[in-house]
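*Asks:* Return a 3D structure for these sequence lines:
(chains A and B)
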Amino acid sequence: MILNYNEKIPNNVDINDDRRLKRALERWQPEFLNWWNELGPDNSKDLEVYLRTAISVDKDGWAHFDYVKMPEYRWGIFLTPSDSERRIGFGIHKGDPVWQEIPGEYRSDLRRLIVTQGDTEPASVEQQRQLGKTCPSLYDLRNLFQINVEEGRHLWAMVYLLQAYFGRDGREDAEAMLERHSGDPDKPRILEAFNEETSDWLSFFMFTYFTDRDGKFQLASLAESAFDPLSRTCRFMLTEEAHHMFVGETGIGRIVRRSCELMKENNTEDIREYGGIDLTTIQKYLNSHFSVSTDLFGQELSTNAANYYNSGIKGRFGESKIEDDHLLHDSGYSILELLGDKIVTKEVPAINAVNERLRDEYILDSNLGVRRWNKIISDFGFDFRFMIPHRAFNRNIGQFSAYLTTPEGGIISKSEWENRKDDWLPNNNDKKFVQSLMQPVTEPGKIANWISPPSGKINRQPFEFEYVRFN
Amino acid sequence: MIEFNTEPKKYKHWSLEINPPVAILKLRVKEDGGIKPGYKLKMNSYDLGVDIELHDVVQRLRFEHPEVRSVIITSSLERVFCSGANITMLGLSSHEHKVNFCKFTNETRNAIEDATKYSDQIYITAINGVAAGGGYELALSTEYIILVDDNSSAISLPEVPLLAVLPGTGGLTRVVDKRNVRRDYADYFCTLTEGIRGQRTVNWNLVDQLVSRSKFEETVQKKALDYAKKSKRPKNEKGIKLTPLKRNIYKDRILYENIVVEFDRKKRIVNITIKAPSENLPSGTKGILELGAKFWTLAMARELDDLIMHLSFNEPELGTWVIRTRGDADKILELDQTLINLRDNWLVREIVLNLKRVFKRLDLVSRSLMVLIEPGSCFTGTLLELVLAADRSYMLEGNFEDCDNLPAMLRPTEMNFGSLPMCNDLTRLQTRFLNNPEKVKNIEEQVGKNLDAVKADKLGLVTFIPDDIDWQDEVRISIEERASFSPDALTGMEASLRFAGPETLETKIFGRLTAWQNWIFQRPNAVGEEGALKLYGTGKKSTYDKKRV
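*Replies:* From the prediction side, this is the model:
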């Protein structure tokens, strides 16, 4: 089979001239399509979706809109154009030219990082595969699919790195990414947050707001990498990741707006009987997704993270804008620690606290959207305010996983936790209720009762536009 | 730079007298003749320089003197045979020098045993005075030990009580494993600084014969003649001259006639390319004898031996040796067939035995060995052993793009099935497929046949067979990654993986005795400020950390 790969796979990495990549992709692409058909969005292969396709890295090239059947989506491979002057910005190799090849010394660390990052991309597609059946509008359905194909493209991006730079091991890793499946008891996805089904749209928006934001911070740290192809890949991925978080933030905002409307119309906070999601329930979903996503940053003190930093393969968020020596051999960083029954700050070596610093940035960033949601509530004149829970709350990884706390971070006993956890995290009733609202709305211009229509447009098309065609 | 090439007329410490069928090798160490400054080689104590000469003479006796059937090792100093390795030298030496020194001296002792056993050039020792430590260990490597009974000449292994180290040149192993001295007697013997003399040495089998001073020389001579009579070495044959190696050493390159060596100091690798012969080859013993040291198999082996020693001692930071071959594989096949057909000839036997010892030395190097099998290579028979000796091998499947060479092939010959055993006494194939003789048999069925990468992989001869698309990165990453690991851990790992199978005297010496010695050489009790090696000769008493480890 001779394919013109440049046409089939939009790219700026000269696939057609790269024998190794061509061969690897010849084998991988059919496997990817099988995977997509089996575990991608359920029952979607004949839908024509108004999708954005990146066809080049130019200003206009990354946002090319048209109707596409998803299996025919042109998953492309794009790296931010290279900067021949780029130097390593941190760690022991600081100041050296960036690497265009994998140094043998860091082969296994780089492989692990890329595999871990890559594994999350198809995982979220798998987690969300049933959501299309209960979309609140064609606009939202289209956004879901846009995110799905872009997560697919992010998988391609990581697979490209594995296939182009890691030889046979890389090809095997690429195949393994399609063999592990979200929630599979035998071959689960690597990170726990990616093994739970996203069963409703409230969860979907929370996921794209909180969990994709973890993606943003991980990608931004990898964008600092001394391994230039990884850095360039991640920089391009970040442009897409921003859109996913936008879908999450506006999605939650629209739910909040609709809830406030219902509260105002009916003069009650308990709007379930009017088909709206009460703010308390939204807060519970927020608590759950925030805490699970916070786990993704790993241990507070990490030897791996220190090694990655020291060797230059994973930096800090916005590394170049940080004013310090970028070596971290002698500097400290404050982290939270439990002392007796109080959470206090403690100074630790900064190089071991790289994960925690990233988590700090993530928490700050997560607060911005929450403020906008609270603004909606206050504009309606209500007193309710969403709150990001304390980082110690509901953790499964890190020092706080050994403790039970309130969302405010107060240490509590197991029995108190058992008594109160249903007030803080979605309980079965909440889940059942949210699930009951998930009825598909597929008529152009129509929207489900529990969410308000978007204010923005896609490629200047109005909300009434037929974003998805059912044939 | 330490130089391993020498010849009898340059010897400082040994003299060789040949009265066929007996040769006498006399030690008289030149006190100021140390290989490095800072110590005097008193009392026939030795350093590496003394042992390099011994290594040279043992080698020469085999090739240059077929008429020599027994060799007497003795000393020309009064009342001193040999007092072992020089302690001040050990105290001044870096750890890696001590380890290399110890390994080299062991290899020389093994060569003495090898000459006795396989070349029928039988070594005996005439201990004419004190034989302490390495002195007695030298005697242990010979077939028969005669000790002068003069009421003062004692044999001893005083390392433990005196120096807090071990008799590391095979002493502990040979006492119990070779001479079958009972372990409790051996234990006692090895803790006596003053050693043992007189009848007890014979009763405990530490020596074979005790002879009074007046009858000593005569008895020794007679014993040597007895052994010479038993020897099956040829009569009326002329030896060949081991001519000096032609070698040019540059900063990052060494050129031998048959081996090209290039250093990549940044990556800490040595690229070694062995070239097959290009001329017509001799097919009979006459031709081989005429070529002598120029005969390819011998010439290449001598060069490789010199290279291994040079790199081991002089280039300690070049941690990975990447070995390739180049040339006409049919020539190697032809040579191997000649060696097999003429195996009963004394010179051919010596050539093969030498090859065996060189490959054993390669097995023992503390370097990562990687073999790259590319088109144009000639890993046939003798050279296939390199693939089997390597820690890892990569064979190109198919060909490089835009290259019209034939794909790389491996080819077993009879040489791979018994002539070149490792120090565990198994062939490299038997070791590779330990307890799987049918796998060895599968390969034996392929003798003389070309095996491409897929077949070689299937038969288990190579580690990986990347094609040309993957080749460069797979090889580069693998070499770079290895260079980033701890050299110590790699040495330990490789030494543990290379010698599967049964223990032999040699594996015990290298794997057990030397390993313990190298550990002790690192410990404060030996080399700390108050350690025994450091304080030796100062009159101060060493203080030991009393904890048993």
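
*Asks:* Show the model's pLDDT score for the residue located most distally from the centre of chain A.
*Replies:* Most distant from the centre of chain A: A:Asn267, at 36.5 Å, with distances by CA atoms, centre = their mean. Looking at A:Asn267, its pLDDT stands at 96.

*Asks:* Next: the one 4 residues further on.
*Replies:* Model confidence at A:Ile271, given as pLDDT, is 97.

*Asks:* same check, this time on B:Ile24
*Replies:* 98.

*Asks:* residue contacts, it?
*Replies:* B:Leu16, B:Glu17, B:Ile18, B:Val71, B:Ile72, B:Thr74 (CB atoms under 8 Å, 6 or more residues apart in numbering or on different chains). C-beta coordinates here come from the backbone N, C-alpha and C atoms, glycine included.

*Asks:* Show the contacting residues for the residue farthest from the centre of chain A.
*Replies:* Per CB under 8 Å, 6+ apart, neighbours of A:Asn267: none.

*Asks:* Count residues in the vicinity of the residue of chain A found nearest chain B, would you?
*Replies:* Scanning chain A for proximity to chain B using CB to the nearest CB identifies A:Gly104 as nearest, at 2.3 Å. For A:Gly104, the neighbour count with other CB atoms under 10 Å in any protein chain shown is 19.

*Asks:* Is any residue of stretch A:215-230 near chain B?
*Replies:* No. Counting by CB under 8 Å from any CB of the partner chain, chain B is not contacted by stretch A:215-230; separation bottoms out at 12.6 Å.

*Asks:* Phi first, then psi, for the residue farthest from the centre of chain A.
*Replies:* Dihedral pair for A:Asn267: phi 60, psi 40, per degrees, to the nearest 10.

*Asks:* Against B:Thr193, how distant is it?
*Replies:* 104 Å (CB to CB, to the nearest Å).

*Asks:* Enumerate every residue touching B:Asp150.
*Replies:* Listed by CB under 8 Å, 6+ apart, the contact partners of B:Asp150 are B:Ser212, B:Arg213.

*Asks:* and the helix of greatest length in chain A, how far from the chain's centre?
*Replies:* Determined from DSSP state H, the single longest helix within chain A is helix A:228-266. Counting by CA atoms, centre = their mean, to the nearest Å, helix A:228-266 is centred 10 Å from the centre of its parent chain.

*Asks:* likewise stretch A:32-49?
*Replies:* 20 Å.

*Asks:* end-to-end on that stretch?
*Replies:* End-to-end distance of stretch A:32-49: 20 Å, with CA to CA, to the nearest Å as the criterion.

*Asks:* Stretch B:532-549 now?
*Replies:* End to end - CA to CA - stretch B:532-549 spans 18 Å.

*Asks:* so does the helix or strand harbouring A:Gln29 get close to chain B?
*Replies:* Assigned by DSSP states H and E, A:Gln29 belongs to helix A:19-39. Yes. Applying CB under 8 Å from any CB, one finds helix A:19-39 touching chain B at A:Arg19, A:Arg20, A:Arg23.

*Asks:* per-residue pLDDT, the last one?
*Replies:* I take that to be A:Arg23. For A:Arg23, the model assigns a pLDDT of 83.

*Asks:* which residues does it contact?
*Replies:* So, once contact is read as CB under 8 Å, 6+ apart, A:Arg23 ends up touching B:Ile469.

*Asks:* Give me the three-state assignment for whatever residue of the stretch 351-500 of chain B ends up closest to chain A.
*Replies:* Here the stretch 351-500 of chain B gets closest to chain A at one residue, B:Glu480, 2.3 Å apart by CB to the nearest CB. Three-state call for B:Glu480 (DSSP: H, G, I helix; E, B strand; the rest coil): helix.

*Asks:* Please tell me how far the residue lying closest to it once chain neighbours are set aside sits from A:Gly381.
*Replies:* Among residues not flanking B:Glu480 along the chain, A:Gly104 sits closest, at 2.3 Å (CB to CB, 6 or more residues apart in numbering or on different chains). Remark: distance between A:Gly104 and A:Gly381 (CB to CB) = 64 Å.

*Asks:* Then B:Lys238?
*Replies:* For B:Lys238, the distance to A:Gly381 equals 116 Å [CB to CB].

*Asks:* between the two, who's got more neighbours?
*Replies:* When neighbours are counted by other CB under 10 Å, B:Lys238 and A:Gly381 differ, and B:Lys238 comes out ahead with 13 against 9.

*Asks:* what lines up beside the host helix or strand of B:Ile73 in the sheet?
*Replies:* Secondary structure from DSSP H and E places B:Ile73 in strand B:70-75. Using DSSP bridges, the strands paired with strand B:70-75 in its sheet are strand B:22-27 (parallel), strand B:122-127 (parallel).

*Asks:* Kind regards, and thank you for your time.
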